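Engineer: This is a predicted model, with the sequence first.
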Amino acid sequence: MVQVSFPGVYIQEKSSGVRTITGVATSIAAFIDTFPRGVVNEAIQCLSFADFEREFGGINSLSAASYGVKQFFQNGGNEAWIVRVANDGAAAGSVAAVAASQVITDTAGGAGNDMFRAQAGRRIRGEAALNPGEWGNNVLIDVDDDTTDPETLFNLTITEVRVDNGRQTVVRTETYRNLTMQEGVSNNALSVVNEASRLVQLDRDGMPALPAAAPFPRPAANGTMGGNVGAIPASPIDLSVDAGGGARTVTVTYTGTLDYPGLRPLLEQAIRDAANAATTPAERALIAGATVKLVGRGTVASPYHLQVLAGRGGAAYDPTATLTIGGGDVAALGLNSTPNDQQYALDNGNNGSRTAPPPEDPRVSGTLLIGNLAAKTGLYALEDVDLFNILCIPCAADLGADDMRAVYSEATTYCGSRRAFLLIDIPDAVASLEGMQTWLAQNDSLRSNNAAVYFPRTFVPDPVNSNRLRSLAPSGTIAGLFARTDATRGVWKAPAGTDGRLENVQDLAYLLTDLQNGALNPLGVNCLRVFPIYGPLSWGARTLDGADQLASEWKYIPIRRLALFIEESLYRGTKWVVFEPNDEPLWALIRLNVGVFMNGLFRQGAFQGSTPQQAYYVKCDSETTTQADRNLGIVNIEVGFAPLKPAEFVVITIQQIAGDLQV
C-alpha cells in the first residue's frame, strides 16, 4: 500500500500472478560402474565424451559403462552424471583401490623434514576427494626455487604424463608459483594447490610439526645457494656428466669474459652433446634432454646459481635416476655432485580388485554398486545430483543372477523415488529367443512401469582392440536414442521406429524375425532389429509393466516418461505455492499457471484432442480442497491429460473393387 503524504500522483506496481513453470530436462543420463580413474562414490557431470575421458580415463576393456557412455554421446546424449565405484578391500580376498601418493621432503635425497604428502585427487564441495588407480603413478611433481625470493619460496609443477610410441608425452600440467609452508598466509602451499589442482591433494596428516623457520622443499639443485662462487674458470671449462653409464666429458669453450647468464646456454648445449657417448636409451634420454636453469636475480640478496635438470622426454626417464656433475671445474662453478631428484613421482596407486591379484579384476560386487544411502555411496551417490532421468548400470548384467536382481531391484525403487527411468541390461549369455524368454520368466520381479529391457545385445567397434567387434549391453545406446528423440520430436514420441537408428552399432547378437518379435513384444520386451537400408533400429517402446496380460495404463515408454516429465516440472514449478494463503485467489493463480504449462505442451502436440478441453484439465477449487484440507494446510491440485499412444500396430485393409456389374 502506497503511503500518501502530498498532493500528486503515486505509482505502484502490482504482481500479475504469472509464475512461469519451466519444463525440466528429460534426457540426463546417469551411469554407475568401475573406471580406470576418477573420484570414488561421487557423481561427476560430463557434457561430452571428452569430459569423460579427462575425468574417468576413457574406454577401458573391463568397464562396460565406459563403452556405454561413448554410445550415449554418439547417439545424441548431451549430459551425463558418472559415478565410479571401486573395491574397498572389505570383502574377503579383495584388494582396495589406493590413490598414488608421495611424501615431499625439504632436502634432496629424501632426508630431512617431511613437508607434505601429495595424493592423486581433487577438491569436491570443499573436501578432498582421492582419485585411486594406477593412473596416478604417472603424476610427477617438480620442485624448484626459481621464485621472487629463492631463499624462502618454492614452485610446484604437477604433470601427468603417458608414453606414446616410445616417447613420454604430457597429458596436462599445473604450475603453482611462489609457495610457502608458512601457515595462515595466502600463498600457503596446501591451501593454494588443494583448491586449484585437478590432479593432486596435499596434506600433513600424521607428520610432525615443521620447524619454526618454516623450511620448504629444496630441489637437488646441482648448485649451491651461494652462487657466483669465485670467477668463472677460463676457457675451456672441463666437467663431466654421469647418468649411470659412466662419466661423459663436458667441455665449454668461450672467448672474452663470461657471466652466469652467458654460461647457462653454453653449459646446457655441452651437456646435451655428451649424450653422443651414451650406451643405453635410458642414459641417452637423461643427458640429451638435460636443461640448465639460471636461478636467482644476480644480487647480493639473491645471487645466481645453476640448476641442472635431467632430460624427461624419453620413455626410459626415471625421476629417481642420478645425474651427477663432476670434473675439474665443478667446485669453481659451485656445482654440486648431487642426485637428480628435483622431480618426484607418485607411486603405489592401484585400481583395486575383487580377487587378490593375479589376475587383477577391478570390477565390483552388487553390494558396492548399490552402496549406502546414509553414506551416499554407490547408487546413492546420485543423491547429490539435482536431476537425472535415465539410469544405466550395464555392469550389473555381468553379475550373478541374485546380485543382478538385487542391484536392479534397488535401482528400480530408487528411480521411482527420483522420477527417473531405468534401462535394464541382459547378460551376454542371453543370445536367443528361448534364452530371452527364460531370462524374463526368471526376473519377473523386476517388472516396473519405470523400467524397460531391450533384446538382443549389440556389437560395437572396440577402440582398445583394433576396432574388433565387442558385445555391449544396449542401455547406453538406448539412453542416447532417448535423448535424440526428446530433442527432435519430444518426450511424448516413442524412441523407436525408423527414426530410432542405433548409431555406431555394427551388428546385433541375434537377428529376430517378425514372428519372433511378435513372441517377445507381448511380454514387454523391446526388440532391436536390423532392416535393409535403415540398419539397426529400436523396434519396441514398452515398459517392463507393458506385458499385455498386465493391462497397465503405463504400457508405453513415451507415456510413462511424459508423466514423469510433467510430475517433475510441476513439483519444481509450484513450490511458490507453499505458505501462500489457501483460498480462492491462490487456487485461481494455480489454475492459471499450471494451465499455461499444460497448454504449452498441448500446442507442441504432446496430447490427444483438437482442443485444450479434450487434451487436459487442471482443477484446484473448493471441491479438490475441502475445509478440512485447508485446516490441515493442504491444497490439492488435480491435473489430467490425454496421452498420445504410439501406433504400435499398423493395419492396412486392401479390397479389390469388383467394378460396375450393371448391364
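Structural biologist: All right, it came through fine.
Engineer: pLDDT on the helix or strand hosting Gln437, on average?
Structural biologist: For Gln437, the host element (DSSP states H and E) is helix 433-442. Averaging pLDDT along helix 433-442 yields 96.
Engineer: my guess is Asp205 meets Asp114, correct?
Structural biologist: No - if you go by Cβ atoms under 8 Å, Asp205 and Asp114 don't touch, sitting 10.7 Å apart. Quick note: C-beta positions are derived from backbone N, CA and C, even for glycine.
Engineer: Neighbour count: those two, which is higher?
Structural biologist: Asp114 (15 against 7; other Cβ atoms under 10 Å).
Engineer: now the more buried one, nearest residue through space, not along the chain?
Structural biologist: Leaving out its chain neighbours, the residue that sits closest to Asp114 by Cβ to Cβ, 6 or more residues apart in numbering is Met207, at 4.8 Å.
Engineer: Any idea how many residues pack against that neighbour?
Structural biologist: Using other Cβ under 10 Å, the number of residues around Met207 comes to 13.
Engineer: where does it fall, phi/psi-wise?
Structural biologist: Torsion angles at Met207 (phi, psi; degrees, to the nearest 10) stand at phi -90, psi 150.
Engineer: Correct me if wrong: it contacts Thr105.
Structural biologist: No - taking contacts as Cβ under 8 Å, Met207 lies outside contact range of Thr105: 10.5 Å.
Engineer: Show me the common contact partners of the two, please.
Structural biologist: Asp114 (Cβ atoms under 8 Å, 6 or more residues apart in numbering).
Engineer: packing partners for the longest helix along the chain?
Structural biologist: When the chain is parsed with DSSP state H, its longest helix is helix 584-603. Here helix 584-603 touches helix 557-573, helix 612-615, strand 616-619, strand 638-641, going by 3 or more Cβ pairs under 8 Å, 6 or more residues apart in numbering; DSSP states H and E.
Engineer: Deepest-packed of those, please.
Structural biologist: Of those, the one with the most neighbours on average (mean count of other Cβ atoms under 10 Å) is helix 557-573, at a mean of 21.
Engineer: got the angle for that one vs helix 584-603?
Structural biologist: Angle of helix 557-573 versus helix 584-603, following axes from the mean of the first three to the mean of the last three Cα atoms, to 10 degrees, is 150 degrees.
Engineer: on contacts alone, who are the packing partners of the helix holding Gln437?
Structural biologist: Applying 3+ Cβ pairs under 8 Å, 6+ apart, we find helix 433-442 packed against helix 514-520.
Engineer: In the stretch 351-500 of the chain, where is pLDDT below threshold?
Structural biologist: Applying pLDDT under 70 to the stretch 351-500 of the chain picks out residues 358.
Engineer: Do a quick rundown of the helices in it.
Structural biologist: 366-370, 401-418, 433-442, 475-488 (DSSP state H, counting those that start in this stretch).
Engineer: what helix or strand does Val185 sit in?
Structural biologist: Going by DSSP H and E, Val185 is not in any helix or strand.
Engineer: Could you count how many residues lie near it?
Structural biologist: Neighbour count for Val185, taken as other Cβ under 10 Å: 12.
Engineer: contacts for stretch 157-177?
Structural biologist: Residues outside stretch 157-177 that contact it (Cβ under 8 Å, 6+ apart): 118, 135, 138-142, 144, 147, 155-156, 189, 192-193, 196-200, 312-315, 317.
Engineer: same check, this time on stretch 18-29
Structural biologist: Contact partners of stretch 18-29, identified using Cβ under 8 Å, 6+ apart, comprise 72, 77-81, 387-392, 476, 479-480, 482-483, 486-487, 491, 561, 565, 568-570, 572-574, 576, 589, 592-594, 596-597, 600-601.
Engineer: let's see it at 7 Å
Structural biologist: 72, 77, 79-81, 387-390, 392, 479, 482-483, 486, 491, 561, 565, 568-570, 572-573, 576, 593-594, 597 (Cβ atoms under 7 Å, 6 or more residues apart in numbering).
Engineer: So, low pLDDT: which residues of this structure?
Structural biologist: 107-111, 166, 213-231, 301-302, 313-322, 334, 336-342, 358, 660-663.
Engineer: longest single strand anywhere in it?
Structural biologist: Using DSSP state E to define each element, the chain has its longest strand at strand 167-179.
Engineer: List the buried residues in that strand.
Structural biologist: With burial defined by 16 or more other Cβ atoms under 10 Å, the residues of strand 167-179 counted as buried are 168, 174, 176, 179.
Engineer: Which of the residues you listed sits closest to Ala429?
Structural biologist: When the buried residues of strand 167-179 are ranked by distance to Ala429 (Cβ to Cβ), Gln168 comes first, at 42.3 Å.
Engineer: For the closest one, give its distance to Ala285.
Structural biologist: Here Gln168 is placed at a distance of 9 Å from Ala285 (Cβ to Cβ, to the nearest Å).
Engineer: What of Asp428?
Structural biologist: Asp428 is 44 Å from Ala285, by Cβ to Cβ.
Engineer: do the same with Asn75
Structural biologist: In terms of Cβ to Cβ, Asn75 sits 44 Å off from Ala285.
Engineer: now do Gly595
Structural biologist: From Gly595 to Ala285 the distance is 73 Å (Cβ to Cβ).
Engineer: got it, and Leu472?
Structural biologist: Counting by Cβ to Cβ, the gap from Leu472 to Ala285 is 40 Å.
Engineer: In space, what's closest to Gly326 - neighbours in sequence excluded?
Structural biologist: Gly326 sits nearest to Ser240 (Cβ to Cβ, 6+ apart), 4.6 Å away.
Engineer: Nothing else from me, thank you.
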